[in-house]
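Asks: need coordinates for the below:
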Amino acid sequence: MVNLIIRNIIRFIFLVLFQVAILNNIQLGGYINPYLYVLFILMLPFETPKWLLLISAFILGISVDMFSDTTGIHAAACVFMAFCRPGVLDLVSSRLDYELGIQPIIRDLGFKWFFSYSLILVVAHHILLFFLEVFSFSEFFHTLFRAVLSIIFTMMLLVLSQYIMYRPKK
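Replies: Residues are numbered from 1 along each chain as shown. As a prediction, the model looks like this:
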C-alpha cells in the first residue's frame, strides 16, 4: 500500500514536471498541444475512492495551471475527466472484470481496453479544455480541429508511454 502511494506521488511529480518543462513548449503549428499529464488520472488504481480521485485530479490540474499561467482550465478539465472515469470504466467493461491488484494499463488489460478507456476520457478532457481556453463558440470548428489533433497526438504519447514503461507479462 505504501509502495503504491509512493509510486503514484513520483508519477504525479514526473508527469507535471514533464508536462510543464517539455510538452507545454511543444505547439506544432499552434494546433497540436500534447497533454501527457492526464496519464496520472488514467493510471490511478481501480480501488481509488471517488472523493480521492476528484481531489487528486484537482491538484494535478491546478499544478499544471500554476506552471502554465492558466486560470483553472486544466483543473476544471481534470476534475471533469475524473468525474467521468467511473462511468467510463463501467462502459468499457463491468467492475467484475477487474481483479484485485491489476492496474488500468495495457500490460494488464490489453491494448483494445486501454485505448477505448483512455480515448473516451481524453476526448472529454480535451474538448472541455480547449473550449474553456477560448471560452467562445465563435471559432467552434477551429477549436474542435485543434482539440482533435491534440487528442490524436496525446493518444499516441499515452500508448507509447505504456509500451516504454511497462514490459509485457511473460
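
Asks: who does the lowest-mean-pLDDT helix or strand in the chain touch, helix- and strand-wise?
Replies: Here the helix or strand of the chain ranked lowest by mean pLDDT, DSSP states H and E is helix 106-109, holding a mean of 89. Applying 3 or more C-beta pairs under 8 Å, 6 or more residues apart in numbering; DSSP states H and E, we find helix 106-109 packed against helix 140-165. Placement of C-beta: from N, CA and C, glycine included.

Asks: buried residues in the helix it packs on?
Replies: 143, 146-151, 153-155, 157-159, 161-162 (16 or more other C-beta atoms under 10 Å).

Asks: check stretch 20-30 too.
Replies: By neighbour count on 16+ other C-beta under 10 Å, the buried set for stretch 20-30 is Val20, Leu23, Asn24.

Asks: which single one of these is nearest to Val38?
Replies: Closest to Val38 out of the buried residues of stretch 20-30 is Leu23 (11.1 Å), distances taken as C-beta to C-beta.

Asks: who touches that closest one in this structure?
Replies: Going by C-beta atoms under 8 Å, 6 or more residues apart in numbering, Leu23 touches Asn33, Pro34, Tyr35, Leu36, Tyr37.

Asks: cool, and Pro86?
Replies: Going by C-beta under 8 Å, 6+ apart, the list of residues near Pro86 reads Lys50, Leu53.

Asks: one more time with 10 Å
Replies: Phe46, Thr48, Lys50, Leu53, Arg95 (C-beta atoms under 10 Å, 6 or more residues apart in numbering).
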